[in-house]
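>>> need the 3D shape of this:
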Amino acid sequence: MGVDSVSGPVTGARAERLRGWKEIGRWFGVDERTVKRWEASRGLPVHRVPGEPRAPVFAYAHELKAWVERDGEVAAPEEAIAEPAARRPWLALALLFLLVAVGSAVWLGMRAADGERLASAQTEDLKRLAGAQVAALNDELESQPGTVAVRGKLAGEAVQVLGRVAALPDASPELKREASEGYRRLAVLQNALDRPSLRDRPASRQSLAEALKLLEEDRSAEARAVRTRVQIEASRQASGAGDLKAAEKLLGDASAAAKAAGGGLADDWALAESEYLGWKGDYAASAAAAAPVTTRDATDPVGVLRQLRALDLEAEAAYYLGDLQRSLAGYGRAVEAAEAALGRWPNDSRLRWMLLRQQWNLGATLIEAGRPLEAETLLAQSLAGWEALAAADPSDGAVQSWVRAVRLSHGQALGEGGNFAAAIPELSLSVAERRRWLAERPEDADARRMLVKALATFADALAPAGRAAEACALLGEAEAMAATMEKARQLTGYDKAETLRMMGESRRRYCPASVARE
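Numbering: from 1, shown residues only. Reported below is the predicted structural model:
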């Protein structure tokens with residue numbers, strides 16, 4: 001699938017014409033019945049071949065875009081709220097909650113300005129209202145396609161309501177704890193890779209900072225539990241951003257409470273520690289931290305997700321320790337476990353994400369093990385799954401990241417298998433996708449890291465295809481970007497152990513003249 005069909009409306013003559021109800025619906029992010037209804041009730045501009053009453057329909061993207069701009073009730077595809085409320089009753093309910101929450105905040109703020117204390121009944125009403133938005137609505141809508149942007153907006157509004165009221169002089173500690181938990185949930189929605197998210201790490205880290213600020217003066221046992229959950233999530237976000245010093249401190253702050261609590265909270269802490277140690281480059285310790293979680297008796301999807309993440313981290317550590325057979329076995333176990341879990345809970349979107357992720361892990365490791373043909377088949381399957389999710393919700397930044405990651409590995413498998421005719425266009429598209437992402441977030445560590453990896457991988461396909469000069473130029477660009485990352489302290493153990501090593505080997509192999517000059 002081309003990138004244009006994922007990102008919504010396109011311009012120019014290349015992809016202007018949309019064929020059939022399914023493709024028109026995909027452009028909006030809705031089903032075929034909805035666009036047919038729009039044609040009948042709202043004059044959606046579609047066309048049919050003259051003289052053929054049952055001829056297939058088609059439409060032009062520029063006409064659809066103009067129609068959207070005229071009809072204020074229909075959102076553009078990238079806004080991810082394309083279907084009318086009658087088709088999605090949860091949206092009407094969510095918006096109702098939002099309006100009431102904002103009205104409640106204004107009313108309560110006026111009462112506070114008059115010097116009156118917040119009544120306990122009013123506080124409870126507000127907590128239930130905002131809690132429904134941040135928690136219930138967010139969790140219930142997670143499996144619905146096309147909801148990331150609307151959930152982000154709803155959760156953000158609800159958290160702001162809670163935050164404003166929690167900041168009032170007479171706000172109770174309980175309300176502040178509720179607001180802190182709301183910020184934590186919002187942070188996960190803003191940046192998670194194992195479920196739909198807006199893929200905005202800076203916003204996520206800011207939400208977590210606000211969550212911790214609300215609990216600064218609360219030393220109760222209840223606050224300790226909330227604070228620990230926030231610290232664990234904050235450490236994960238800091239590790240992924242390359243801020244290992246902050247991640248280490250957060251883990252240390254959360255350690256005693258997490259271990260005392262036991263159960264899922266202790267496992268979440270162990271997984272966060274394993275991630276931190278992996279980013280740091282201490283792979284043996286990373287595997288040891290994850291190992292106990294792999295053997296837990298998981299009886300629900302959340303427990304299975306923890307177990308799958310632990311298997312992932314163990315196999316990843318084995319890969320970087322050079323034990324490919326152990327890594328392949330670990331990823332193979334993770335794929336089988338994800339398939340079994342999805343068979344048991346077929347409607348859980350988080351398990352589908354985990355299956356697609358483990359297919360990518362296994363495929364990428366098969367490439368390293370010199371088995372690119374097996375890898376190509378598995379990666380093509382994973383890529384198709386991620387692209388389908390991306391088409392269902394263009395606002396989902398996390399799934400877009402997975403499309404970028406799996407496309408690169410798929411192109412690499414094609415190149416390693418000698419199919420340069422297919423590999424070079426795929427890798428060229430991968431580089432272009434990542435350049436666009438970096439242009440949107442020029443200081444983002446992940447965007448830089450992913451472009452460096454894509455440039456190096458593309459070079460490895462161009463050079464054997466007789467295009468060594470282009471390959472060496474790409475390696476030079478990748479090395480300059482890696483130097484920028486090192487200056488910004490964004491290089492991690494993973495970067496040094498894999499990407500930089502691969503780039504050095506490629507330069508020695510394909511660019512001997514430049515190596516000699518150095």
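
>>> how near is P394 to D446?
P394 is 19 Å from D446, where distance means C-beta to C-beta, to the nearest Å. Just so you know, the C-beta spots here come from the backbone N, C-alpha and C atoms, and that holds for glycine as well.

>>> give me the more crowded residue out of the two.
P394 (25 against 19; other C-beta atoms under 10 Å).

>>> how near is P202 to A59?
Applying C-beta to C-beta, the value for P202 to A59 is 38 Å.

>>> more neighbours: which of the two?
More neighbours sit around A59 than around the other of P202 and A59, counting by other C-beta under 10 Å; the figures are 23 against 14.

>>> so what's the residue count around Y510?
Burial of Y510, expressed as a neighbour count using other C-beta under 10 Å, amounts to 20.

>>> can you check L313 too?
Residues contacting L313 under the criterion other C-beta under 10 Å number 27.

>>> my read is that it contacts L271, right?
Yes: look at L313 against L271 with C-beta atoms under 8 Å: they come within range, at 6.9 Å.

>>> what touches both of the two?
Here L313 and L271 have 289-290 as joint contacts, going by C-beta atoms under 8 Å, 6 or more residues apart in numbering.

>>> buried sites along stretch 332-341?
If you call a residue buried by 16 or more other C-beta atoms under 10 Å, then stretch 332-341 has these buried ones: 332-335, 337-338, 341.

>>> go through the residues you listed and flag which are in helices.
Using DSSP state H, the members of the buried residues of stretch 332-341 that fall in helices are 332-335, 337-338, 341.

>>> residues in contact with the helix or strand containing L500?
If you go by DSSP states H and E, L500 is part of helix 500-510. For helix 500-510, contacts defined as C-beta under 8 Å, 6+ apart pick out 452, 456, 459-460, 463, 468, 471-472, 475, 478-479, 482, 491, 514-515.

>>> so which bits of it are buried?
Residues of helix 500-510 classed as buried: 500, 502-503, 506-507, 510 (neighbour count, 16+ other C-beta under 10 Å).

>>> ramachandran coordinates for the closest residue to S401 other than its chain neighbours?
Excluding its sequence neighbours, the residue lying closest to S401 (C-beta to C-beta, 6 or more residues apart in numbering) is R199, at 5.7 Å. Comment: the main-chain dihedrals of R199 come out as phi 60, psi 50, following degrees, to the nearest 10.

>>> R199: neighbour count?
Neighbouring residues of R199 were enumerated by other C-beta under 10 Å; the total is 24.

>>> isn't it right up against A398?
Yes: contact status for R199 versus A398: in contact at 5.0 Å, counting by C-beta under 8 Å.

>>> shared neighbours of these two, anything?
191, 193.

>>> which other residues reach stretch 354-371?
Counting contacts by C-beta under 8 Å, 6+ apart, the residues outside stretch 354-371 that touch it are 194, 305, 308-309, 312, 315-316, 319, 324-325, 327-328, 331-332, 334-335, 338-339, 341-342, 372, 374-376, 378-379, 381-382, 385-386, 389, 402, 405-406, 409-410, 412-413, 416.

>>> please tell me how far W279 sits from S235.
When W279 is compared with S235 (using C-beta to C-beta), they lie 10 Å apart.

>>> tell me which of the two has more neighbours.
A direct count of neighbours by other C-beta under 10 Å for W279 and S235 places S235 higher, at 27 against 22.

>>> list the contacts of the more buried one.
246-248, 250-251, 254, 272, 276.

>>> from those residues, pick the one nearest V188.
For V188, the nearest member of these is A272. The distance, counting by C-beta to C-beta, is 12.9 Å.

>>> how far off centre is stretch 370-390?
Using C-alpha atoms, centre = their mean, to the nearest Å, we find the averaged C-alpha position of stretch 370-390 to lie 18 Å away from the chain's own average C-alpha position.

>>> may I see the buried residues of that stretch?
Residues of stretch 370-390 classed as buried: 371-372, 375-376, 378-380, 382-383, 385-387, 389-390 (neighbour count, 16+ other C-beta under 10 Å).

>>> closest to A221 out of the residues you listed?
Using C-beta to C-beta, L389 comes nearest to A221 of the buried residues of stretch 370-390, at 40.0 Å.

>>> my read: the closest one touches D396, true?
Yes: with contacts counted by C-beta under 8 Å, L389 reaches D396, the gap being 7.0 Å.

>>> distance between the helix holding L500 and the chain's centre?
The offset between the C-alpha centroid of helix 500-510 and the centroid of the whole chain comes to 30 Å, using C-alpha atoms, centre = their mean.

>>> what's the answer for stretch 457-470, then?
31 Å.

>>> list the buried residues in it.
457-464, 467-468.

>>> what about the contacts of stretch 354-371, which are in helices?
Using DSSP H, 305, 308-309, 312, 315-316, 319, 324-325, 327-328, 331-332, 334-335, 338-339, 341-342, 372, 374-376, 378-379, 381-382, 385-386, 389, 402, 405-406, 409-410, 412-413, 416 are the members of those that sit in helices.

>>> could you measure L414 against L362, distance?
Taking C-beta to C-beta as the measure, L414 and L362 are separated by 17 Å.
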